[in-house]
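Novice: I need the structure of the sequence given here:
(2 chains)
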Amino acid sequence: MYKLQNLPLGGQDVIRLSDNASIPFDPANTDYQTYLEWVDAGNQPLPADEVTV
Amino acid sequence: MAYGQVLADVIGTSVANSNLGAGNATLMKNRLINGDMYIAQRATSATITAAAALNYATVDRFYGYCTGANVTMAQVAGSGNNRNLLQFTGAASVTAIGVGQRIEAVNSYDMAGSTATLSAYIANSLLTSVTWTAYYANTTDTFGSLASPTRTQIATGTFTVTSTLTQYNAQITIPAAATTGIEIVFTVGAQTSGTWQLGLVQLETGSFATGYEYNNYQTQLANCQRYFEIFGFILDATNLLRSGYYKITKRAAPTLTSITINAGTGGVLTNLATPNDVCGVYQTTVNSVQSNSSWSASSEL
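Specialist: Residues are numbered from 1 along each chain as shown, chains lettered A, B, ... in the order given. So this is what the prediction gives:
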């Protein structure tokens, strides 16, 4: 299971909820590739919370 | 007096395991990192869960996987030139174990179209057959997952092994298309008991297995930290956007995972945005109190 995260400096990444790992949206990151496979399988991440700085 | 020229694939010396290599890479010839299993930043022993995924759990750069039942993957003491070995301990119902390393294209590009030699010290107290397989990535540095690999097989073969640690080698014809990164995998079948050990694993250009290329410890650690490192960070309870930098620039923007937060909870780090995405981190969620913390940054292939 994953949850999107809005970043204070703009943009997003995704949190892997099993270990709270922060996964960047970098096509070369293998955890991001695994996340994309998960999405392609029909899953959807939880929405991001609002960010206040 | 004019000097002559010596053309040789291998130059021997009087010191055991100290031959010079072949091709253009007589120095820094081993394309595998941590082949002597010295560096283990994550742990020295871990349980590998059956049929889950490639598991980078113990010695750096080498992943393990298994099917049928869980196995133990551990860095253990060796003997002689093998200071450390990577060891799998079998268990009832295990049907297969695999261990491998994926080599970045930038570190293997020049091997395309040449002959390479794979060598390793191997022992198995139960099984007598160890299969090696070489692949190249279908697209640069993208080998896919265990369940959905995106790679092309280059060659495969079998070493007939015993319970005595012995060096084995095989020659591999690397195709011209293999400019996208190379993966080496060793597999065994039903390791239902006993142990399987590997050490001094080397992939080099040329038709002969030459002496293992030992690195000094700090160089080898830095080579491993391109793919994984553990770093410290002081989380803050009120201010966001505190930043820090990695010890070594990462291969790609890494995944950040909390190892320990000494006091309080909630602190979250995120990779710095491009164009500095491989250089550092910043805090994106405050911690409940100011605290030391340790994190891992992983950009394994």
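Novice: burial count for B:Leu301?
Specialist: Counted with other C-beta atoms under 10 Å in any protein chain shown, residues neighbouring B:Leu301 total 22. For the C-beta atoms, the positions are set from N, CA and C on the backbone; glycine is no exception.
Novice: Now do the contacts for the closest residue to it other than its chain neighbours.
Specialist: Leaving aside its chain neighbours, B:Leu301 sits nearest to B:Arg102 (3.7 Å; criterion: C-beta to C-beta, 6 or more residues apart in numbering or on different chains). When contacts are counted by C-beta atoms under 8 Å, 6 or more residues apart in numbering or on different chains, B:Arg102 is found next to B:63, B:137, B:141, B:143, B:181-183, B:300-301.
Novice: go again using 6 Å as the cut-off
Specialist: Contact analysis of B:Arg102 by C-beta atoms under 6 Å, 6 or more residues apart in numbering or on different chains lists B:143, B:183, B:301.
Novice: How about A:Tyr2?
Specialist: Taking C-beta under 6 Å, 6+ apart, one finds A:14, A:16, A:35, A:45 in contact with A:Tyr2.
Novice: returning to that earlier point: any idea how far the residue nearest to B:Leu301 lies from B:Ile174?
Specialist: Distance, B:Arg102 to B:Ile174, using C-beta to C-beta, to the nearest Å: 15 Å.
Novice: now do B:Ala43
Specialist: 33 Å.
Novice: Compare the two (neighbour count), which wins?
Specialist: The neighbour comparison of B:Ala43 against B:Ile174 (other C-beta under 10 Å) goes to B:Ile174, with 22 against 12.
Novice: Would you mind confirming that that one is in contact with B:Ala116?
Specialist: Yes - with contact defined as C-beta atoms under 6 Å, B:Ile174 reaches B:Ala116; the gap is 5.4 Å.
Novice: The residue nearest in space to the middle of chain A: helix or strand, and which one exactly?
Specialist: Geometric centre of chain A, nearest residue: A:Val14, 1.3 Å, by C-alpha atoms, centre = their mean. Remark: A:Val14 resides in strand A:12-16, with elements defined by DSSP states H and E.
Novice: now for that strand, which elements pack on it?
Specialist: Judged by 3 or more C-beta pairs under 6 Å, 6 or more residues apart in numbering or on different chains; DSSP states H and E, strand A:12-16 is in contact with strand A:2-6, strand A:21-23.
Novice: Which of those has the highest mean neighbour count?
Specialist: Most buried of these, by mean neighbour count (mean count of other C-beta atoms under 10 Å in any protein chain shown): strand A:21-23, with a mean of 24.
Novice: and the very next helix or strand once past that one, how far from the chain's centre?
Specialist: Past strand A:21-23, further along toward the C-terminus, the next helix or strand under DSSP H and E is helix A:30-40. From the chain centre to the centre of helix A:30-40 is a distance of 9 Å (C-alpha atoms, centre = their mean, to the nearest Å).
Novice: What about contact with chain B: does helix A:30-40 have any residue there?
Specialist: Yes - interface with chain B: helix A:30-40 contributes A:Asp31 (C-beta under 6 Å from any C-beta of the partner chain).
Novice: just the helices in chain B please.
Specialist: B:217-225 (DSSP state H).
Novice: Where does the prediction get shaky in it?
Specialist: In the predicted model of chain B, residues B:1-27, B:273-277 satisfy pLDDT under 70.
Novice: which parts of it sit against chain A?
Specialist: So far as C-beta under 6 Å from any C-beta goes, chain B lies against chain A at B:240, B:252-253, B:255-257, B:270-271, B:273, B:284.
Novice: so which of the residues you listed is the most crowded?
Specialist: Greatest neighbour count in these, by other C-beta under 10 Å, goes to B:Asn271: 30 neighbours.
Novice: residues touching the nearest residue to that one once chain neighbours are set aside, list them.
Specialist: In space, and not counting its chain neighbours, B:Asn271 is closest to A:Pro24: 4.5 Å by C-beta to C-beta, 6+ apart. Taking C-beta under 6 Å, 6+ apart as the contact definition, A:Pro24 lies against A:13, B:253, B:271.
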